[in-house]
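**Student:** Got a predicted model here, sequence first, then my questions.
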Amino acid sequence: MKKLVASILSLAVAAALGSAALAEEATPAKGAAPAHHEEGATPHYPLKEPREQEWTFAGPFGHYDKGQLQRGLKVYTEVCSACHSMNLVPFRTLDELGYSEAQVKAFAANYEVQDGPNASGEMFTRKAVPSDHFPSPFPNAEAAAASNNGAAPPDFSLIAKAREVERGFPRFVFDIFTQYQENGPDYIYSLLTGYEEPPAGFQVPQGAHYNPYFHAAAAFAMPKPLSDGQVTYDDGAPQTVDQYAKDVSSFLMWAAEPHLEERKRTGFMVMIFLAIFTVLIYLTKRSVYANKDH
């Protein structure tokens with residue numbers, strides 16, 4: 001058994017060292033162009049890996065910061081909702097962010113949704129109520145694409161879970177033990193703060209914008225959406241692109257997984273139960289076989 005464990009540890013160490021060496025070779029020197037700009041190189045996206053951030057909801061005891069979620073909702077409402085919908089998120093769930101029932105009703109009333117048919121068989125619009133979902137700013141996907149250089153903006157309901165970047169071996173093994181599950185928010189934050197000038201010699205397609213953190217190409221249709229001072233906060237938080245990106249990333253994580261805190265509490269209780277159950281099984285086994293010949 002000792003030899004088996006030693007062998008496994010040796011393989012793990014060797015794999016980690018090999019992966020680190022490959023990563024060092026693959027990382028361009030400071031000031032050098034990314035690999036896809038080199039002649040004959042095969043592009044691998046994203047060109048830059050998402051930058052890991054400190055999140056309150058990270059780890060086995062993580063929790064959402066309601067103040068940050070409220071700021072993220074404000075950023076989404078004033079900036080992102082002009083192009084992106086959240087069709088799977090009902091207004092009534094905003095009470096989990098610390099809003100009262102009256103505040104939720106007032107917030108929903110700012111939107112109009114299509115309803116019907118009425119008694120005449122016609123569709124009509126009305127003010128939204130808490131049971132309605134965040135509406136799309138466009139009547140259909142074709143209209144959304146026509147208004148955004150041919151690319152329909154994705155729905156944001158599950159974007160924080162859908163845009164996870166694979167971390168590769170052996171890091172995904174270590175993630176099992178470190179409980180790293182913040183790929184999505186890290187990606188969104190990095191994308192929102194990652195706009196930069198393209199390297200020399202790289203041709204950005206017309207209507208596209210260079211961003212090395214995009215998961216599918218080196219440039220995409222969405223222009224830089226955030227700028228310093230764009231959204232006014234009421235709680236004194238910094239009004240910077242960095243803060244906006246963190247807040248809206250947290251909000252989108254909540255939208256994608258609103259029951260995260262409950263899940264983690266349940267998981268912790270299950271682990272405690274399994275530990276106690278294991279001890280009881282062991283003691284029972286010792287008691288049953290204590291007086292038996294082996």
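**Tutor:** Received it, and whenever you're ready, just let me know what you need.
**Student:** what comes up buried for stretch 129-141?
**Tutor:** 130, 132, 133, 134, 135, 136, 138 (16 or more other Cβ atoms under 10 Å). The C-beta positions use only the backbone N, C-alpha and C, and glycine is treated the same way.
**Student:** Widest-spaced pair of the residues you listed?
**Tutor:** Maximum pairwise distance among the buried residues of stretch 129-141 (Cβ to Cβ): 23.1 Å, between 130 and 138.
**Student:** these two touch, right, residue 182 and residue 55?
**Tutor:** Yes: between residue 182 and residue 55 there is a contact under Cβ atoms under 8 Å: 5.4 Å.
**Student:** Mutual contacts of the two, please.
**Tutor:** Residues touching both residue 182 and residue 55 (Cβ atoms under 8 Å, 6 or more residues apart in numbering) are residue 253.
**Student:** Look at these two and report which has more neighbours.
**Tutor:** It is residue 182, of residue 182 and residue 55, that has more neighbours when counted by other Cβ atoms under 10 Å, with 24 against 20.
**Student:** Contact partners for that one?
**Tutor:** Residue 182 neighbours (Cβ under 8 Å, 6+ apart): 52, 53, 55, 57, 58, 253.
**Student:** quick one: the first one and residue 267, what's the gap?
**Tutor:** According to Cβ to Cβ, to the nearest Å, residue 52 and residue 267 sit 22 Å apart.
**Student:** The contacts of residue 182, buried ones only, as a ChimeraX selection?
**Tutor:** With 16+ other Cβ under 10 Å as the burial test, the buried ones among the contacts of residue 182 are selected in ChimeraX as follows:
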select :53,55,57,58,253
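**Student:** Looking at the contacts of residue 182, spot the one nearest residue 147.
**Tutor:** The closest of these, once distances to residue 147 are taken by Cβ to Cβ, is residue 253, at 27.2 Å.
**Student:** hang on, isn't the closest one packed against residue 186?
**Tutor:** No: with contact defined as Cβ under 8 Å, residue 253 does not count as touching residue 186 (10.1 Å).
**Student:** can you give me the helices for the stretch 1-150 of the chain?
**Tutor:** For the stretch 1-150 of the chain, the helices defined by DSSP state H, counting those that start in this stretch cover 2-26, 66-78, 101-108, 141-146.
**Student:** Okay, and which of the buried residues of stretch 129-141 map to strands?
**Tutor:** Of these, the ones assigned to strands by DSSP state E are 133, 134.
**Student:** Considering the buried residues of stretch 129-141, which is situated nearest to residue 200?
**Tutor:** residue 138 (37.4 Å).
**Student:** averaging pLDDT over each of the helices of the stretch 1-150 of the chain, which comes out lowest?
**Tutor:** Lowest mean pLDDT of those: helix 2-26, a mean of 50.
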